[in-house]
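Asks: Structure for the following, please:
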Amino acid sequence: MSKITEKTSATHTGVKRPNAFSRAITGALVAGAMALSASQAAVAQDADPLKFVAITHIVAADPFGNVLKRGFEDAAEEMGVELLYNSPAQYDTSQMLRMIEQAIATQPDGLALTMPDASAFAEPVREAIAAGIPVVVLNTGEEIAGEIGALNYVGQSEYRAGKMAGERMKEAGVESPICINFAPGQSQLDARCKGFTDAFDGSAEQISTTQDPTAITNAVLAHLNSSPDTDGVLSLGSLATDPLINEFRSQGAMGQIAFATFDLSAETLEAVRDGEMLFAMDQQQYLQGYLPIISLALYNRYGLKPTNNIQTGPNFITQENAEQVIELTQQGYR
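Replies: Residues are numbered from 1 along each chain as shown. Predicted structure coming up:
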């Protein structure tokens, strides 16, 4: 039996038992990288407990993190792993650095973490690897994972995803869009806006905000009022998307401008299903939590590791397939 401790602003939660969906995907680590049979899972449960630490930059207010955490939990439960999960109440590079340093000091059997600022986190992660701690980078940090010696990266290629979003908007007839970056300086968000802008040959504009919902909506409304030719809005995540949905609806603007987003929430999927939004980009963050723990467990016990990075996205959620995803979002898997 695994033991999972979540440490987010000194809050601790217990583990949830995995359901049939979680057990069903245990058998594969995408693209033939590795396989785990039911009998091997049983052996893993009987093996000596492993202690892993997971550290992410995903703030508590972001619903994206709940799905990611469930992936961590289910994998730890299945593999008989003791897992400590840390994330900041608000994104703070220095706080994440302290979390990494504290994790290294405990000498865990594995470390899974996001790297939203490669220049800040590369050196301490190298120190962890040099100390014999295997590392899997997830969600952010693809560009640095191999260089620092991580086992692999689990996530999506952010620049490519942003460019794909821009190309899809262009196909819909958008000519003068904006990209809403609610955390400038985080590498994954900067890369998304860069790819999006490049898809429009540099003509898309980036609007930089904080993570405060009121600041986000005010910044977007101010731009739309000053630039009435703007015909497309790309949000980079639910922190911006959900308040914008509410604001656009209150002003009767939903459907009057092409609106799309990265990542999923119940509000986003309903808007996509109802034709109010153009699309949502799904990076399957459940897998980003689940697969690193499986990978670290298999590496510790059997010396197995993928030979390539594992791409979990992007996938386009449109009006045609949104209904299929809504139930799984409500269950905490999408």
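Asks: show me the contacts for residue 142.
Replies: Under the criterion of CB atoms under 8 Å, 6 or more residues apart in numbering, the contact list for residue 142 reads 153, 155, 157, 158, 309. (C-beta placed from N, C-alpha, C; glycine too.)
Asks: out of these, who's nearest residue 288?
Replies: Relative to residue 288, the closest of these is residue 155; by CB to CB it sits at 5.5 Å.
Asks: In contact with the nearest residue to the closest one once chain neighbours are set aside, which residues?
Replies: Excluding the flanking residues, the one nearest residue 155 by CB to CB, 6 or more residues apart in numbering is residue 139, at 4.7 Å. Contact analysis of residue 139 by CB under 8 Å, 6+ apart lists 56, 58, 68, 114, 154, 155, 188, 283, 285, 288.
Asks: Next, count neighbours for the fourth one.
Replies: Residues lying near residue 114 (other CB atoms under 10 Å) number 24.
Asks: What of the third one?
Replies: In terms of burial, residue 68 registers 25 neighbours under the definition other CB under 10 Å.
Asks: Which helix or which strand is home to it?
Replies: helix 64-79 (DSSP states H and E).
Asks: What average pLDDT does stretch 189-204 get?
Replies: Here stretch 189-204 scores 96 as its mean pLDDT.
Asks: what's the answer for stretch 146-159, then?
Replies: In the prediction, stretch 146-159 has an average pLDDT of 96.
Asks: buried sites along that stretch?
Replies: The neighbour-count check on stretch 146-159 (16 or more other CB atoms under 10 Å) flags 148, 150, 151, 152, 153, 154, 155, 156, 157, 158, 159 as buried.
Asks: Determine which two of those are furthest apart.
Replies: Largest separation among these by CB to CB: 151 and 159, giving 22.6 Å.
Asks: what's around residue 212, how many residues?
Replies: Other residues close to residue 212 by other CB under 10 Å number 14.
Asks: Could you measure from residue 259 over to residue 203?
Replies: 18 Å (CB to CB, to the nearest Å).
Asks: Compare those two (neighbour count), which wins?
Replies: residue 259 (25 against 10).
Asks: Backbone torsions only: list them for that one.
Replies: Phi and psi for residue 259, reported as degrees, to the nearest 10, are phi -130, psi 130.
Asks: who's it bridged to?
Replies: Note on residue 259: beta-bridge partners residue 233, judged by DSSP bridges.
Asks: Quick check: it touching residue 244?
Replies: Yes. Between residue 259 and residue 244 there is a contact at 7.3 Å, judged by CB atoms under 8 Å.
Asks: any residues in contact with both of the two?
Replies: Joint contacts of residue 259 and residue 244 (CB under 8 Å, 6+ apart) are 233, 235.
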